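Novice: No letters, just coordinates:
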């Protein structure tokens, strides 16, 4: 295994750039001249599945006094931001969508991240006092997407422009990328994961980490703003002459060993310490993403029988199903494999393994609210009365199961970084918060660096499963949440904003603020802004009331709906999409016909009464009322 201290003569170019990292700060850069090798570009565009071959580039800087600005170019890069990530179309094949995550765009974003990271370290007095900043080191991992090779080239080029040393992790997982900043033998200053999670093979994206965790939406916005100016002002649209590779490192072996040690130490099996999973059959469905390692490098080595596991080999075309624990086909195939093999547990990972779902020994899928309920039950055994943060689309039944087990439930903004950052904030305010989860399967624990790690979630579940067996129980893991009440009805509807794309977000905010005002003015009888009250969150469980409120990245509100006896029988959640020009309307009800009734009120007494039916496309809303 290579360590971060490995030196190589191939890093001469990068080492020459690294002297710019010493203070004073980096000098102002000039625009670059295009240098294009057409044969090389042809190779990049035709590269599909050879993810083991790494191509390297060197930036070539030819000074020029010409500076070009193009508003379309600037907007093109800014639109790549997707909350705390960057995502875009990287390969032709989507009807109505052009390729926008190009090598030049990625190069500008990677360079901007490198410069942003260096600036943060320069200003971090505590960090400088303890370690100093000599050379800033950044790792890159990627999932098996077919565009990974050519976009990796652009990342390494951008990091070189910024003056960072790059380390190539190859096929990796998102949690492992963060852990590359933590493990002592690596200790990189930052990391980038190239993935688009569960999205189609035509998409790709970037996630960013420092030693303090994933970047916030506002931080990624700052990086994209900087990158947009670079992209628009630069003659050089791609740099393809770097011949010096970054150092390759085997981070995934260290990460798998880390997970194995956690399982062994916490189970502390009385007779099989090194193989505590003997006697258990566990099926993994990796969906041809990056999660296959968990089978052969974690479960097999701990003694588990993994016969029947599905789609472990990486394939960036994802030929069998979308790697997503929310995908019905993924869950159905895993359920069938569990029942066919009489397995104890089934596991479904998303592409980059920051999310997971499970299937119990009876074939019951456990994702969404059920997964949050399961993790809450496990965590509340260890930390009674702790607060658990979720997004504001979770069910009334989940709130009950958390409170019945002695916990406190904080409903917060949709978006996994919002949920995780809320947990961090609550702990800083001395409100003990050990678990933060979103209904999509993103989940983080205080004990694990507040990192959304799908593999770590599964590790917690496996440990609890073995402990149950050691205590004499013959029940499966699903027995822990038998008392979870499912909503009687649940629906998600979308309203497209009728506007040019550049104005869509502003109009969406206007719609949502009007909705809040209608509720506050009692124009919708029995509808009230929701509030949990115990964690400095109010006004629909989405607005921080403490001294340092978190900036709002997307407007949304949750409203509880009461009957004539003032009992809550449902809720409505209105949310501005971060990336698309639409508004999501989520509803749940504990009574039959409740969602139709709420949809009809929403349509007639809000949308049409306010005239907003001219601002948003109400066809899905009207169709739902008609069909139900």
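Specialist: Done, it's in. As the structure is a computational prediction, the values presented were derived from the model and not from experiment.

Novice: what's near enough to touch residue 76?
Specialist: The contact partners of residue 76, taken as C-beta atoms under 8 Å, 6 or more residues apart in numbering, are 100, 105, 228, 231. Backbone N, C-alpha and C define where each C-beta goes, glycine included.

Novice: by contact count, what packs against the one helix or strand residue 151 maps to?
Specialist: Under the criterion of DSSP states H and E, residue 151 resides in helix 148-162. The contact analysis (3 or more C-beta pairs under 8 Å, 6 or more residues apart in numbering; DSSP states H and E) places helix 148-162 against helix 12-18, helix 38-46, helix 103-123, strand 137-142, strand 165-171, strand 190-194, strand 203-210.

Novice: What average pLDDT does it get?
Specialist: Per-residue pLDDT over helix 148-162 has a mean of 93.

Novice: cool, and stretch 257-264?
Specialist: For stretch 257-264, mean pLDDT rounds to 98.

Novice: what sits up against that stretch?
Specialist: For stretch 257-264, contacts defined as C-beta under 8 Å, 6+ apart pick out 179, 183, 273-274, 276-277, 294, 297-298, 301-302, 455-456, 459, 462-463.

Novice: just the buried members of those residues?
Specialist: Buried members of the contacts of stretch 257-264, counted by 16 or more other C-beta atoms under 10 Å: 179, 183, 276-277, 294, 297-298, 302, 455-456, 459, 462-463.

Novice: Can I get those residues in JSON lines including distance to residue 411 and pLDDT?
Specialist: Converted to JSON lines, these look like this (distance: C-beta to C-beta, whole Å; pLDDT from 0 to 100):
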{"residue": "179", "distance to residue 411": "30", "pLDDT": "97"}
{"residue": "183", "distance to residue 411": "35", "pLDDT": "96"}
{"residue": "276", "distance to residue 411": "37", "pLDDT": "98"}
{"residue": "277", "distance to residue 411": "36", "pLDDT": "98"}
{"residue": "294", "distance to residue 411": "31", "pLDDT": "98"}
{"residue": "297", "distance to residue 411": "37", "pLDDT": "98"}
{"residue": "298", "distance to residue 411": "34", "pLDDT": "98"}
{"residue": "302", "distance to residue 411": "37", "pLDDT": "98"}
{"residue": "455", "distance to residue 411": "27", "pLDDT": "98"}
{"residue": "456", "distance to residue 411": "24", "pLDDT": "98"}
{"residue": "459", "distance to residue 411": "27", "pLDDT": "98"}
{"residue": "462", "distance to residue 411": "29", "pLDDT": "98"}
{"residue": "463", "distance to residue 411": "28", "pLDDT": "98"}
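
Novice: Serialize those to CSV and add fields for distance to residue 312.
Specialist: As requested, the buried ones among the contacts of stretch 257-264 are exported to CSV (distance: C-beta to C-beta, whole Å):
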residue, distance to residue 312
179, 21
183, 24
276, 22
277, 17
294, 9
297, 11
298, 12
302, 16
455, 14
456, 19
459, 18
462, 17
463, 22
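
Novice: Kindly reformat those as TSV containing distance to residue 349 and secondary structure.
Specialist: What follows is these, written out as TSV (distance: C-beta to C-beta, whole Å; DSSP: H, G, I helix; E, B strand; the rest coil):
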residue	distance to residue 349	secondary structure
179	16	helix
183	21	coil
276	21	coil
277	18	coil
294	7	helix
297	14	helix
298	12	helix
302	17	helix
455	8	helix
456	12	helix
459	13	helix
462	14	helix
463	18	helix
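
Novice: need the strands for the stretch 451-600 of the chain, in chain order.
Specialist: 451-452, 489-496, 527-529, 537-538, 543-544, 556-562, 568-576, 582-589 (DSSP state E, counting those that start in this stretch).

Novice: Dump the ones you listed to a markdown table, plus mean pLDDT and mean neighbour count.
Specialist: Formatted as a markdown table, the strands of the stretch 451-600 of the chain follow (pLDDT from 0 to 100; neighbours: other C-beta atoms under 10 Å):
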| stretch | mean pLDDT | mean neighbour count |
| --- | --- | --- |
| strand 451-452 | 95 | 23 |
| strand 489-496 | 96 | 18 |
| strand 527-529 | 94 | 19 |
| strand 537-538 | 74 | 20 |
| strand 543-544 | 80 | 18 |
| strand 556-562 | 93 | 22 |
| strand 568-576 | 94 | 23 |
| strand 582-589 | 96 | 22 |
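
Novice: next SSE after the helix or strand of the chain with the lowest mean pLDDT?
Specialist: Least confident helix or strand, the chain: helix 38-46 with a mean of 34, by mean pLDDT, DSSP states H and E. Heading C-terminal from helix 38-46, the first helix or strand you meet, by DSSP H and E, is helix 71-78.

Novice: Buried residues in that next one, which are they?
Specialist: Taking 16+ other C-beta under 10 Å as the criterion, helix 71-78 shows 73-74, 76-77 as buried.

Novice: Go through these and name the one nearest residue 83.
Specialist: Of all those, residue 83 sits closest to residue 77, with 15.7 Å by C-beta to C-beta.

Novice: So that closest one sits against residue 105, correct?
Specialist: Yes: counting by C-beta atoms under 8 Å, residue 77 does reach residue 105; the two are 5.8 Å apart.

Novice: Pull up the overlap in contacts between those two.
Specialist: Joint contacts of residue 77 and residue 105 (C-beta under 8 Å, 6+ apart) are 227, 231.

Novice: doesn't residue 417 make contact with residue 84?
Specialist: Yes: contact criterion C-beta under 8 Å: residue 84 and residue 417 qualify, at 4.1 Å.

Novice: Overlap in contacts, those two.
Specialist: By C-beta under 8 Å, 6+ apart, residue 84 and residue 417 have these common neighbours: 214, 216-217.
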